[in-house]
Structures are given as structure tokens and as C-alpha cells.
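Novice: mind looking at a prediction? Sequence and model below.
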Amino acid sequence: MPESIILGTGTDASTGYFFHAPANTALPTDPTATLPSAWEKVGYITQDGITFGLDRSTTDLKDWANKVRRTIMTDHNETVQAPIMETTEETMKVIFGEDNVTVTAATTTTGKKVSVNLSTSSLPDPEAFLFLMKDGDNVVMLGCKKGQVTELGDVTMAPSDAITWTTTIKGLDDGWVLLTDDGTPTT
């Protein structure tokens, strides 16, 4: 079960975490509560943080005088770009799909090996995604019960920087949900 996460305190003064769970896992109703065991940590996000994008397509509805009387949304696309700065088994399974990751256990002479098929011709299966972060005293949760990694940006592998896997996660079905807690309980 994941440990209780208190953002910005203690020895781990992180201001944000990234988790995943099986698709359609219920999102927390309290961003400050301990997460259920279904949620697993994916990896650290770079100092650039995540980027939420909302792309809406609309159509104008006009009357006989050709005046716009109403605008309706015909399509929308919600995405989160997340620059993950870890190359772990969990990160690779999220980005490339569990079927494309092979893990060989450590032996007495070698460590655990993770082999990833980078040339996969299919997208990873949909999952639930959750980001927890701080904004001043506010604890902010951004999550979706069903999302899919649809893009991976160029990956630079240089000795002076962490390897960063910039993923784009598209919200499916009900899309993304934002929930905040201002950290000020009533007395």
C-alpha cells in the first residue's frame, strides 16, 4: 500500500507525484488522503512540471439572418504532457505497455535487467492516471479514470542531463478531473 504522501514536508520535500492504476480505478475524493494500493508510483517529473491541454472544436449555429445565436462544442481533446525523468521498469511499462517490457531477475553476478521493445506498433493499454502536486498551501490532484499514452517526445540521452521521457496522455471517456484542497480545515 502506498505510504501517506505529505507534499512539501519531511525528508522528501517533493512538490509532485505521478501514479497509475488499472483503467477505471476510482479517483481519490481527497487529494491529501493515503492512496489505495491499486495506485503505483510511475516516476519523478522534471522541474518543468506537467502541461494540461484542452483543444475544443466548435460550430456556430446561425438563424435565418445569418447571425450567430449559439455556439456548440462538437469535439474536445484533453491531454497531459508529463516529462518523466526516470528509466525504471514501471516507467517503461506505462510508456510502452506491459507486453513490450521484459524483466529478467537479478542474479548473483548481475542486477535486474529491463528490456523494452521500442519499435512497438501498438499503443499501451488504457490506464488510470493521477498527478498530485502543491500550489502554495493547496494540494492539487489531476487525474483520469481512463487515459492512454498516445505520444512520446524525442528522448535525449546525454551525460549532463537525466534521460527524460516526455509522454502525452490523452484522457478517454470522462477525461481529466481537477480537485484541490486549500489546506484550511474549519475549527
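Specialist: Everything's here; your move.
Novice: list the residue ranges of the protein that fall below the pLDDT cut-off.
Specialist: Residue ranges of the chain with pLDDT under 70: 1-15.
Novice: the protein: helices as residue ranges?
Specialist: For the chain, helices defined by DSSP state H occupy the ranges 89-96.
Novice: who touches the longest strand along the chain?
Specialist: Ranked by residue count under DSSP state E, the longest strand found in the chain is strand 68-84. Residues from elsewhere that reach strand 68-84 (CB atoms under 8 Å, 6 or more residues apart in numbering): 18, 42-46, 48, 50-63, 91, 95, 129, 131, 142, 144, 147, 150, 153, 164-171, 175-176. Backbone N, C-alpha and C define where each C-beta goes, glycine included.
Novice: please repeat the previous calculation with a cut-off of 6 Å.
Specialist: Contacts with strand 68-84, where a contact means CB atoms under 6 Å, 6 or more residues apart in numbering, come from 43, 45-46, 48, 50-63, 91, 164-171, 175-176.
Novice: what comes up buried for it?
Specialist: By 16 or more other CB atoms under 10 Å, the buried positions in strand 68-84 come out as Glu78, Thr79, Val80, Gln81, Ala82, Pro83, Ile84.
Novice: now the nearest residue to Ala105 once chain neighbours are set aside: how far from Val80?
Specialist: Of all residues not flanking Ala105 in the chain, Lys112 sits nearest, at 6.1 Å (CB to CB, 6 or more residues apart in numbering). To Val80, Lys112 is 29 Å away according to CB to CB, to the nearest Å.
Novice: same deal with Asp99?
Specialist: Distance from Asp99 to Val80, by CB to CB: 23 Å.
Novice: tell me how many other residues surround the residue nearest to Ala105.
Specialist: When counting by other CB atoms under 10 Å, one arrives at 10 neighbours for Lys112.
Novice: touching, it and Glu89? I think so.
Specialist: No: with contact defined as CB atoms under 6 Å, Lys112 does not reach Glu89; the gap is 7.6 Å.
Novice: Pro28: neighbour count?
Specialist: Counted with other CB under 10 Å, residues neighbouring Pro28 total 18.
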